[in-house]
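In: would you be able to build a 3D model of this:
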Amino acid sequence: MLDIRNKKITIIGAVRSGIGAARLAKQHGAIPFVSDSGSEEKLKSSIDILRNEKIDFEIGKHSEKVFNCDLMIVSPGVPSDSEVIKNAKTKNLKIISELEFASSFCKGNIIGITGTNGKTTTTSLCGYLFNECGKKTYTAGNIGLAFSEIANTVKENEFVSLEISSFQLDLIESFKPKVAMILNITPDHLNRYENSVEKYAHSKLRIFENQNEKDFLILSKDSDLLNQYFKKAKSNIFFFSTNKKVNNGCYLENDEVRFVKNDITEFSCKISDINIKGEHNIQNAMAVIIAAKIFDLDNEKILEALKLFKGVEHRLELVREISGIKFINDSKATNVDSVEVALKSFDDPIFLILGGQDKGNDYSVIEDLVIRKVKKIYAIGSSAEKVFNYFHRKVKTEIKKDFNDVINAALSEARKGDVVLLSPACASFDMFDNYEHRGKVFKEIVNSK
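Out: Coordinates of the predicted model:
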């Protein structure tokens with residue numbers, strides 16, 4: 001546990017994780033100072049909390065005061081190459097992520113879950129399944145609660161199912177989850193990694209760099225990138241695959257998911273037993289089954305949880321059917337690979353809503369799929385022009401100014417049996433606070449029609 005009594009701690013970022021870190025620092029006797037360059041209007045609720053807690057802060061800038069500290073904690077949404085972090089590095093300040101900070105106060109078993117896609121669903125399923133199996137488990141990280149909000153609460157025999165982004169792993173030192181999962185690695189956030197897939201991959205791989213032979217690593221056997229790098233791991237490795245047989249882990253055989261340890265089957269279930277559908281969700285469920293069997297959870301309870309888990313909000317979520325037209329909220333799809341998964345999930349003709357804050361997207365990955373499945377694209381947000389320029393000669397494409405515009409157009413152009421799919425392939429920060437806000441606005445407008 002970090003000894004931070006009477007230490008000056010600067011927290012960069014005043015949203016959920018930053019507020020959680022400031023409170024945690026104060027509880028352990030430190031003197032926190034929170035700094036955020038965002039506007040007072042956007043951060044009103046955070047300002048109210050900081051005032052009530054009597055925590056010093058500044059909004060709308062990062063002044064010289066941020067460098068007057070013993071430790072700097074960086075929230076997940078703050079790029080590690082931002083000006084304030086670069087300046088802090090030149091002053092040789094100790095800089096860590098909120099993930100690293102919170103983990104030093106957590107006594108429970110951390111199941112750390114990262115990957116390009118599937119993190120939220122897997123983290124939710126893991127928390128749900130462990131709780132259903134009688135293990136007190138908190139779901140936190142980039143989903144629901146910030147890790148800092150619950151780190152103090154978790155007891156030694158309890159668990160945290162923790163969603164972790166590459167940005168959080170960029171600034172770790174000794175973070176060591178009991179179980180680390182890397183679900184997949186495909187190009188994403190390349191605008192923050194100098195357009196290098198390898199640099200992005202190396203960030204993800206840091207999740208197991210401090211593990212030892214008492215820890216566990218769960219990896220996709222189907223990922224070429226992961227198979228290049230896992231040999232560095234000192235932990236016990238389990239694989240999951242929908243294409244290959246494995247000796248330790250989960251694989252698919254004749255529509256049956258099998259968990260094996262040293263080639264001996266210890267758990268099996270039918271694909272139809274897994275309530276969340278699609279190959280990607282079979283892989284997500286496999287990763288969670290492995291984690292459950294590492295801790296010898298009961299087979300019948302595992303099976304029951306798999307049958308009951310309904311999935312997560314903003315991920316291929318049916319909002320409403322109007323005159324036979326299905327409106328689907330997939331706001332969580334913030335990269336091209338997620339859109340590929342979404343497009344493959346429907347056999348019906350699709351009206352696709354694409355666009356937002358671009359992250360260096362390569363639309364050639366989904367080009368054939370779009371030509372085959374999409375009737376029309378509605379391009380929105382700051383990348384609308386890029387989307388239009390790429391697709392308009394291949395499929396009917398139109399730029400729209402907002403969701404109201406899009407949904408009115410879809411209601412007049414789509415027919416019974418069609419799908420209107422919000423799967424933007426982009427971040428949301430050009431028009432919304434986050435992907436949840438984007439999904440919520442979409443749902444409100446659909447439900448108002």
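
In: any idea how far residue 354 is from the nearest residue in space to residue 425 that is not next to it in sequence?
Out: The shortest distance from residue 425 to any non-neighbouring residue, by C-beta to C-beta, 6 or more residues apart in numbering, is to residue 339 (4.6 Å). C-betas here are computed from N, CA, C, even on glycine. Per C-beta to C-beta, to the nearest Å, residue 339 is found 7 Å from residue 354.

In: shared neighbours of these two, which are they?
Out: Both residue 339 and residue 354 are in contact with 423, 424, 425, where contact means C-beta atoms under 8 Å, 6 or more residues apart in numbering.

In: okay, these in a markdown table with neighbour count and pLDDT next?
Out: Compiled in a markdown table, these are given as follows (neighbours: other C-beta atoms under 10 Å; pLDDT from 0 to 100):
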| residue | neighbour count | pLDDT |
| --- | --- | --- |
| 423 | 26 | 97 |
| 424 | 30 | 97 |
| 425 | 27 | 96 |
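
In: and those, which is closest to residue 444?
Out: Using C-beta to C-beta, residue 424 comes nearest to residue 444 of the shared contacts of residue 339 and residue 354, at 16.6 Å.

In: next SSE after the helix or strand hosting residue 386?
Out: If you go by DSSP states H and E, residue 386 is part of helix 384-391. Using DSSP H and E, the helix or strand that follows helix 384-391 in sequence is strand 396-399.

In: if we can go back for a sec, wasn't the residue nearest to residue 425 part of a helix?
Out: Yes. Per DSSP: H, G, I helix; E, B strand; the rest coil, residue 339 lies within a helix segment.

In: touching, it and residue 423? I think so.
Out: Yes. Residue 339 lies in contact with residue 423 (C-beta atoms under 8 Å); the separation is 4.7 Å.

In: identify the contacts common to these two.
Out: Contacts common to residue 339 and residue 423, judged by C-beta under 8 Å, 6+ apart, are 330, 333, 352, 354.

In: now the residues you listed in CSV, with neighbour count, secondary structure and distance to residue 78?
Out: Below are those laid out as CSV (neighbours: other C-beta atoms under 10 Å; DSSP: H, G, I helix; E, B strand; the rest coil; distance: C-beta to C-beta, whole Å):
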residue, neighbour count, secondary structure, distance to residue 78
330, 26, coil, 26
333, 26, coil, 23
352, 28, strand, 31
354, 31, strand, 27
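
In: need the contact list for residue 22.
Out: 11, 32, 34, 50, 53, 55.

In: that one in helix, strand or coil?
Out: helix.

In: quickly note the distance from it to residue 47.
Out: Residue 22 is 12 Å from residue 47, by C-beta to C-beta.

In: any stretches of the protein with poor pLDDT?
Out: Applying pLDDT under 70 to the chain flags the ranges 187-197.

In: could you chop it up by domain?
Out: 8-93, 100-308, 317-448 (automatic domain parsing).

In: among those, which is nearest residue 2?
Out: domain 100-308 (4.5 Å).

In: for the closest one, what is the distance to the chain centroid?
Out: Put simply, domain 100-308 sits 12 Å off its chain's centre (C-alpha atoms, centre = their mean, to the nearest Å).

In: pull the residues that contact stretch 258-276.
Out: Against stretch 258-276 from outside (C-beta under 8 Å, 6+ apart): 121, 125, 246-252, 255-257, 281-282, 284-285, 289-290, 293, 299, 302-303, 306-311.

In: one more: stretch 320-328?
Out: Residues external to stretch 320-328 that are found in contact with it (C-beta under 8 Å, 6+ apart): 316-319, 342, 346, 348, 407, 410-411, 414-423, 446-447, 449.

In: change it to 6 Å
Out: With C-beta atoms under 6 Å, 6 or more residues apart in numbering as the test, stretch 320-328 has contacts from 319, 414, 416, 417, 418, 419, 420, 421, 446.

In: from residue 353, how far out is the last one?
Out: Residue 446 is 11 Å from residue 353, where distance means C-beta to C-beta.

In: of these two, who's got more company?
Out: Remark: of residue 446 and residue 353, residue 353 carries more neighbours, 30 against 20, as counted by other C-beta atoms under 10 Å.

In: tell me the secondary structure at the more buried one.
Out: strand.

In: for it, which non-adjacent residue is closest in space?
Out: residue 422 (4.5 Å).

In: any quick ChimeraX command for the buried ones out of the contacts of stretch 320-328?
Out: With 16 or more other C-beta atoms under 10 Å as the criterion, this ChimeraX line picks the buried residues out of those:
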select :319,414,418,419,420,421,446
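
In: can you lay out the contacts of stretch 320-328 as a markdown table showing distance to residue 366?
Out: Shown next, in a markdown table, are the contacts of stretch 320-328 (distance: C-beta to C-beta, whole Å):
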| residue | distance to residue 366 |
| --- | --- |
| 319 | 22 |
| 414 | 20 |
| 416 | 26 |
| 417 | 22 |
| 418 | 19 |
| 419 | 16 |
| 420 | 17 |
| 421 | 12 |
| 446 | 24 |
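
In: so which of the contacts of stretch 320-328 are in helices?
Out: Among these, the ones falling in helices (DSSP state H) are residue 446.

In: the closest residue to residue 2 other than its chain neighbours: neighbour count?
Out: Spatial nearest neighbour of residue 2, excluding adjacent residues (C-beta to C-beta, 6+ apart): residue 104 at 4.5 Å. Residues near residue 104, counting by other C-beta under 10 Å, number 17.

In: measure residue 104 to residue 64 for me?
Out: Applying C-beta to C-beta to residue 104 and residue 64 gives a distance of 28 Å.

In: ok, residue 237 next?
Out: With distances taken as C-beta to C-beta, residue 237 is found 47 Å from residue 64.

In: neighbour-wise, which of the two wins?
Out: residue 237 (17 against 7).

In: and the helix or strand containing the more buried one, what does it pack onto?
Out: Per DSSP H and E, residue 237 falls inside strand 236-241. Applying 3 or more C-beta pairs under 6 Å, 6 or more residues apart in numbering; DSSP states H and E, we find strand 236-241 packed against strand 216-220, strand 249-253, helix 279-294.

In: distance to residue 209 and mean neighbour count added to these, as JSON lines?
Out: Output for those, formatted as JSON lines (distance: least, C-beta to C-beta, whole Å; neighbours: other C-beta atoms under 10 Å):
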{"stretch": "strand 216-220", "distance to residue 209": "11", "mean neighbour count": "25"}
{"stretch": "strand 249-253", "distance to residue 209": "21", "mean neighbour count": "20"}
{"stretch": "helix 279-294", "distance to residue 209": "19", "mean neighbour count": "25"}
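
In: dump those to TSV, plus distance to residue 15.
Out: Formatted as TSV, the helices and strands packed on strand 236-241 follow (distance: least, C-beta to C-beta, whole Å):
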stretch	distance to residue 15
strand 216-220	30
strand 249-253	36
helix 279-294	27
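
In: could you report the neighbour count for residue 429?
Out: So residue 429, with other C-beta under 10 Å, has 16 neighbours.

In: actually residue 241, not the one I typed
Out: 18.

In: can you put the shared contacts of residue 339 and residue 354 in JSON lines and add distance to residue 77?
Out: Formatted as JSON lines, those follow (distance: C-beta to C-beta, whole Å):
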{"residue": "423", "distance to residue 77": "22"}
{"residue": "424", "distance to residue 77": "18"}
{"residue": "425", "distance to residue 77": "19"}
